[in-house]
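Undergrad: Following is a predicted model, sequence given first.
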Amino acid sequence: MLSVRNLNAGYGKLQVLFDVSLEVPAKGITVVVGPNGAGKTTLLNSIMGNATVFSGDVVFEGANIQGILPYRAARMGISYVPQMGNVFADLTVMENLHMAGYMLSSGEVKDKAAQVTDMFPVLKKFLHRKAGTLSGGERRMLAIGMGLMRKPKLMLLDELSTDLAPIIAKRVIAEVARLRDELGITILLVEQMAKRALEIGDTAYLLVSGDIRYEGKAADLLNDPELARLYLGIKEA
Amino acid sequence: MMPAWLASGLVYASGLSLTAGGITLLYITTRTFNFAHASMATWGFYVVYTGTVLYGGTPYRWLPLAFLFGALLGVICYLALNRLLLYRQANTITLMMSTLGYDLVLLSFIQMYCDYLTYSLKLFPRRVTMSVFDIELFGTSGASIILPLTAVAVLTLLHLFITRTKFGTAMRATIENSLLAGASGINSDWVYMMSWIIGGGMASLGGAFMAMAMTGTPVLGMTTIPFMFAGAILGGLHSLYGGILGGFVVGLAEYAGVYFLAAQAGSWVLGYRMAIPLLIMAITLIAFPQGLAGAWAPMVSRLRGLRRRGVGA
């Protein structure tokens, strides 16, 4: 569904990604793991048109979208849930959902919002509260819900479990697996908490200092003791 | 009957609140301190002047046209300058300086327009007392009643627009987080354009208001721009409502300050009239460094907390 080919990208004159190539197959979860500062978020920003791309291609459903404006990427069906600032803190939960479905008709927004609140019932209690007052876990649920409002073909999820209590992080990652299994959404998941992400992932890439160091099955990376120990902080059982 | 200082002060403060609100809106959406607000305000006055002198009626008839003309100037500024610089990720200084250039261009056109009015139509547009065209209402100047009410109406409409409409909510979303707004499919280009339409319109409308309280000249905007910025800064720069209130406080403070200080200390105070609102701004900022918006935010949350506790009890 999405191919990134020989991507060199960064911010301004600073290059962060070096010749990165990856494939995101449809209806699966592709996980990109790697240590802090590896360029994982830059990869997602490059796909969404939020970073400077020096060379390379980003092909989505056969169309080269390199350098696309973010709102156009969203309208093509790419839904980006950033790590930070992933909800509008000054807007109510309901307004957040409405804004996430900005390009839908009012009827579609209503249906989708009902679908999202059914999926994340905790949000029902807070529809008229400002999103800035929600807890970390609730915010993350809202952020995923907002991602779903956009009727996505592909979801780009950035570090969903960061800063969350382990039990909440586990629940959030389980929700991601549900998106694939129940809704058939293609997911590109970027995670620093590698173990949980690799457990639900189909394909995996290991990104270190802007370079792809591993590509293959997620389970294989999880079971590679050397790579897991060196880059993912996973100790052997 | 309303005292003269209060009547003029209300008119001037209403104008200043509109212009300061416009400056704040443009800053929080496009990061641009719009110096062209000066000449946009002056153009607002000349639109009303031209309409009143050439086609008759009260100046109030021409206020909608002044707003539309200011909106047009805003759109031109956005499309010709601001948009290109925003795409190139220009810094705040560059954005600000570009509007200074645009202001000088607008000022040149004002001078040419005044020459045209002077030599072709035999008018005297360089020193105009717009209050001679005013009407009397309830024993006082019409402007002191009509213009504050118009300002309230405009600001209420603006409030309803940004809180009750889909596009207004999209504007608030873009102001808070433009990256997430883009990821939601909101085209920030339209949001910025709308900001310039509203900001430009408010500048020209504010200029037309102020000309009802002071002498209308080609540099009307130039002489009042420090107070427009003072109002925006007093409001806290990051709050539209703060900017509007800040403009009103600065405007009224100038008239009230001069009146009361001159009564106490003598007429020599008049020479320092421009220092009074700036002094008030400085004192307020020492007390509330975040501006008026920063001062009322804790008050509002405390009130909300009280209300919530009340409901729970």
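TA: Yes, it's here. Everything quoted here is computed from the prediction, not taken from an experiment.
Undergrad: Residue in the stretch 151-300 of chain B with the shortest distance to chain A?
TA: Going by C-beta to the nearest C-beta, chain A is nearest to B:Gly182 of the stretch 151-300 of chain B, at 3.3 Å. From N, CA and C alone the C-beta is placed, and that goes for glycine too.
Undergrad: how many neighbours does A:Lys125 have?
TA: 11 (other C-beta atoms under 10 Å in any protein chain shown).
Undergrad: what does the one 3 residues further on give?
TA: A count of nearby residues for A:His128, using other C-beta under 10 Å, gives 9.
Undergrad: in a strand, that's where it is, yeah?
TA: No: A:His128 sits outside any strand when classified using DSSP: H, G, I helix; E, B strand; the rest coil, being coil.
Undergrad: the helices in the stretch 201-313 of chain B, which residues?
TA: Assigned by DSSP state H, counting those that start in this stretch, the stretch 201-313 of chain B shows helices spanning B:220-235, B:240-265, B:275-287, B:291-312.
Undergrad: Need the CA coordinates for stretch B:167-183. PDB is fine.
TA: Extracted C-alpha coordinates of stretch B:167-183, given in PDB (Å, rounded to 0.1, in the frame of the first residue of the first chain):
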ATOM      1  CA  PHE B 167     -14.800  26.700   9.900                       C
ATOM      2  CA  GLY B 168     -14.500  28.800  13.100                       C
ATOM      3  CA  THR B 169     -13.700  25.700  15.100                       C
ATOM      4  CA  ALA B 170     -11.100  24.800  12.400                       C
ATOM      5  CA  MET B 171      -9.600  28.200  12.900                       C
ATOM      6  CA  ARG B 172      -9.200  27.600  16.600                       C
ATOM      7  CA  ALA B 173      -7.800  24.100  15.900                       C
ATOM      8  CA  THR B 174      -5.200  25.500  13.500                       C
ATOM      9  CA  ILE B 175      -4.300  28.300  15.900                       C
ATOM     10  CA  GLU B 176      -3.600  25.700  18.600                       C
ATOM     11  CA  ASN B 177      -1.900  23.000  16.500                       C
ATOM     12  CA  SER B 178      -1.400  23.600  12.800                       C
ATOM     13  CA  LEU B 179       0.300  20.300  12.200                       C
ATOM     14  CA  LEU B 180      -2.500  18.300  13.700                       C
ATOM     15  CA  ALA B 181      -5.000  20.500  11.900                       C
ATOM     16  CA  GLY B 182      -3.300  19.600   8.600                       C
ATOM     17  CA  ALA B 183      -3.300  15.900   9.500                       C
END
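Undergrad: Could you pull out the buried residues of it?
TA: Using 16 or more other C-beta atoms under 10 Å in any protein chain shown as the test for burial, stretch B:167-183 gives B:168-183.
Undergrad: which ones among the residues you listed are found in helices?
TA: In this view, the buried residues of stretch B:167-183 that belong to helices under DSSP state H are B:168-176, B:178-183.
Undergrad: which of the residues you listed lies closest to A:Leu148?
TA: Among these, B:Ala183 lies closest to A:Leu148 (C-beta to C-beta), at 13.1 Å.
Undergrad: To what extent is residue 65 buried, counted in neighbours?
TA: Here I'm looking at chain A. A:Ile65: 19 neighbours (other C-beta under 10 Å).
Undergrad: that's the other chain; I wanted chain B
TA: 16.
Undergrad: Who are the contact partners of it?
TA: B:47-48, B:51 (C-beta atoms under 8 Å, 6 or more residues apart in numbering or on different chains).
Undergrad: Going by distance to chain A, which of the residues you listed wins?
TA: For the contacts of B:Leu65, the minimum distance to chain A (C-beta to the nearest C-beta) is 35.0 Å, reached by B:Val47.
Undergrad: before we move on, which element is the nearest residue to that closest one once chain neighbours are set aside in?
TA: The spatially closest residue to B:Val47, leaving aside those adjacent along the chain, is B:Ala66, at 4.4 Å (C-beta to C-beta, 6 or more residues apart in numbering or on different chains). Assigned by DSSP states H and E, B:Ala66 belongs to helix B:63-77.
Undergrad: List the buried residues for stretch A:138-154?
TA: Those buried within stretch A:138-154 under the rule 16+ other C-beta under 10 Å are A:138-150, A:152-154.
Undergrad: Please apply the same query to stretch A:103-112.
TA: Neighbour-count burial for stretch A:103-112, counted by 16+ other C-beta under 10 Å, picks out A:103-104, A:109, A:112.
Undergrad: restrict those residues to contacts with chain B.
TA: A:Met103 (C-beta under 8 Å from any C-beta of the partner chain).
Undergrad: now the buried residues of stretch A:103-112 as a markdown table including secondary structure?
TA: What follows is the buried residues of stretch A:103-112, written out as a markdown table (three-state DSSP):
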| residue | secondary structure |
| --- | --- |
| A:Met103 | coil |
| A:Leu104 | coil |
| A:Val109 | helix |
| A:Lys112 | helix |
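Undergrad: Show the model's pLDDT score for residue 182.
TA: Because you didn't say which chain, this covers chain A. At A:Glu182, the model reports a pLDDT of 88.
Undergrad: that's the wrong chain, I meant chain B
TA: The pLDDT attached to B:Gly182 in the predicted structure is 93.
Undergrad: cool, and A:Lys235?
TA: 63.
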